[in-house]
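Student: Okay, predicted coordinates and the sequence, questions at the end:
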Amino acid sequence: MDYLNNLIFEEDGEIIKWKVLEIDANMVLVEFELKRNLEPNDLKTIKLPDPIRIGFSPKVVILSGKGPVWFYAFITHKYHIVRVLAIFDPRLDGAVVVESHDVNYKPGDVVRRELFYD
């Protein structure tokens, strides 16, 4: 799958590079890359891709990137509005659902990697 054609948002900020890729009509992949080690104080100024403005709040959101646990907690709180939020875990070869407003996805479900990564 060539997800570059499905890029719906990209931002190369001072601290974080973000990409939001539409996998299909119901799923997006939100990837981030840290440009330096985060400090807790950074949470005061970090701007996440906005799920309402960009239009992915009614979708399954797969989050992928290397960062501190507290950064993932921050993102989870900010993305509470999305239909389903799952965190990619390469050890499981999939993304673990951590929040869901959809009866078809429950916390602990694993979205298989082949559905969102080539």
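Tutor: Done, it's in.

Student: hey, let's count contacts and neighbours off CA atoms from now on
Tutor: Will do.

Student: Would you confirm that residue 84 contacts residue 96?
Tutor: No: using CA atoms under 8 Å as the test, residue 84 is too far from residue 96 to be in contact (10.3 Å).

Student: low-confidence ranges in this protein?
Tutor: The model of the chain has pLDDT under 70 over residues 1-5, 117-118.

Student: So which residues of it form strands?
Tutor: With DSSP state E as the criterion, the chain has strands at 7-12, 16-24, 27-34, 60-64, 84-89, 94-100, 110-112.

Student: Tabulate those strands (a markdown table), appending mean neighbour count.
Tutor: Below are those laid out as a markdown table (neighbours: other CA atoms under 10 Å):
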| stretch | mean neighbour count |
| --- | --- |
| strand 7-12 | 14 |
| strand 16-24 | 20 |
| strand 27-34 | 19 |
| strand 60-64 | 24 |
| strand 84-89 | 23 |
| strand 94-100 | 21 |
| strand 110-112 | 18 |
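
Student: Using a markdown table, lay out those together with distance to residue 47.
Tutor: Below are the strands of the chain laid out as a markdown table (distance: least, CA to CA, whole Å):
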| stretch | distance to residue 47 |
| --- | --- |
| strand 7-12 | 10 |
| strand 16-24 | 9 |
| strand 27-34 | 12 |
| strand 60-64 | 15 |
| strand 84-89 | 18 |
| strand 94-100 | 21 |
| strand 110-112 | 26 |
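
Student: Residue 75: which of those is closest?
Tutor: strand 60-64 (9.1 Å; CA to CA).

Student: Select, out of the strands of the chain, the one closest to residue 42.
Tutor: Residue 42 sits nearest to strand 16-24 of all those, at 10.6 Å, using CA to CA.

Student: Quick check: bridge partners of the residue positioned nearest the centre of the chain?
Tutor: Centroid-nearest residue in the chain: residue 63, 2.4 Å away (criterion: CA atoms, centre = their mean). Residue 63 forms beta bridges with residue 30, residue 87, as assigned by DSSP bridges.

Student: Let me see the contact set for it.
Tutor: 29, 30, 31, 85, 86, 87, 88, 95 (CA atoms under 8 Å, 6 or more residues apart in numbering).

Student: Of these, which is the nearest to residue 116?
Tutor: Closest to residue 116, out of all of the contacts of residue 63 and judged by CA to CA, is residue 29, at 7.0 Å.
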